[in-house]
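> Everything below, folded, please.
(chains A and B)
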Amino acid sequence: GDSVTQMEGPVTLSEEAFLTINCTYTATGYPSLFWYVQYPGEGLQLLLKATKADDKGSNKGFEATYRKETTSFHLEKGSVQVSDSAVYFCALKRNSWGKLQFGAGTQVVVTP
Amino acid sequence: DTGVSQDPRHKITKRGQNVTFRCDPISEHNRLYWYRQTLGQGPEFLTYFQNEAQLEKSRLLSDRFSAERPKGSFSTLEIQRTEQGDSAMYLCASSPRLEDTEAFFGQGTRLTVV
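This next block holds a predicted model:
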């Protein structure tokens, strides 16, 4: 079946550091890929998405590129802020009606 | 509209009791989903409605679980004879009936079975 694997946390960084969270997936066909973020005390929010190979999703300084050859969708940000502290979830959607398959989540802690 | 609303936010119940959660999706979103999230894990799909029709159920949804969406508006998720293993965050999400549109999540109902 479909699965999403992402790097374990917590990832602890200093402000302005570079962030990478690895995400790889297993799925048949051509899934859409997503990064969701969960800030403390809040619900899941869509951060960015990519719907086909080589697409790059971007939002709030975060980027991720859909790499079909490596079945990956790694999340990157060049300079993190304390406000980026959250749990990040990689997810895929295999069909149009939108059931999401999530990874286990990666907690990111950014210190001043 | 302020987004997907879930009620209650927290529920503590004794083992063996029944509980019911409610989800109000974003207006005019005809797709509604329930997920369950346990500590340290990502959300796991439970069930999906398109309007009032329940179109898919995960095998995670045992006979003790039932979900409804009368009239295609709000939805309820009932758990009968709760067990300690049911302790989790129950998330509801909705989306419009368009391809490649995002799902909007509520803040969830945290269930603790003691």
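> neighbours around the residue in chain A that chain B sits nearest to, how many?
Ranked by CB to the nearest CB, the top residue of chain A for proximity to chain B is A:Phe102, at 3.1 Å. Quick note: C-beta positions are derived from backbone N, CA and C, even for glycine. Burial of A:Phe102, expressed as a neighbour count using other CB atoms under 10 Å in any protein chain shown, amounts to 22.
> my read: it touches B:Tyr33, true?
No. Contact criterion CB atoms under 8 Å: A:Phe102 and B:Tyr33 do not qualify, at 12.0 Å.
> who does the residue of chain A closest to chain B bridge with?
For A:Phe102, the beta-bridge partners under DSSP bridges are A:Ala91.
> Report the secondary structure state of B:Gly85.
In three-state terms, and counting by DSSP: H, G, I helix; E, B strand; the rest coil, B:Gly85 is helix.
> List the beta-bridge partners for the spatially closest residue to it that is not a sequence neighbour.
Once flanking residues are discounted, B:Gly85 sits nearest to B:Val113: 7.9 Å by CB to CB, 6 or more residues apart in numbering or on different chains. When bridges are taken as DSSP bridges, the partners of B:Val113 come out as B:Thr13.
> Chain B contacts on chain A?
A:4, A:32, A:34, A:36, A:42-46, A:49, A:51, A:89, A:91, A:96-105 (CB under 8 Å from any CB of the partner chain).
> which of these count as buried?
When the residues of chain A next to chain B are checked for burial by 16 or more other CB atoms under 10 Å in any protein chain shown, the buried set is A:4, A:32, A:34, A:36, A:43-44, A:46, A:49, A:89, A:91, A:98-105.
> Now the residue nearest in space to the middle of chain B: which helix or strand?
Against the mean C-alpha coordinate of chain B, by CA atoms, centre = their mean, the closest residue is B:Trp34 at 3.3 Å. With secondary structure defined by DSSP states H and E, B:Trp34 is part of strand B:31-37.
> wait, does that strand contact chain A?
Yes. Strand B:31-37 reaches chain A (CB under 8 Å from any CB) through B:Arg31, B:Tyr33, B:Tyr35.
> what about the strands in chain A?
If you assign secondary structure with DSSP state E, the strands in chain A sit at A:3-6, A:11-14, A:19-21, A:23-26, A:32-38, A:44-50, A:56-59, A:62-65, A:75-77, A:86-93, A:100-102, A:106-111.
> among those strands, which is nearest B:Ser66?
Ranking those by proximity to B:Ser66 (CB to CB) places strand A:100-102 first, at 21.9 Å.
> now that closest one, how far from the centre of its chain.
Distance, stretch centre to chain centre, for strand A:100-102: 11 Å (CA atoms, centre = their mean, to the nearest Å).
> What is that strand packed up against?
strand A:3-6, strand A:86-93, strand B:44-50 (3 or more CB pairs under 8 Å, 6 or more residues apart in numbering or on different chains; DSSP states H and E).
> and that strand, average pLDDT?
Confidence over strand A:100-102, taken as the mean pLDDT, stands at 93.
> Just the residues contacting it, thanks.
For strand A:100-102, the surrounding residues in contact (CB atoms under 8 Å, 6 or more residues apart in numbering or on different chains) are A:2-4, A:27, A:34, A:36, A:89-94, B:33, B:35, B:42-45, B:103.
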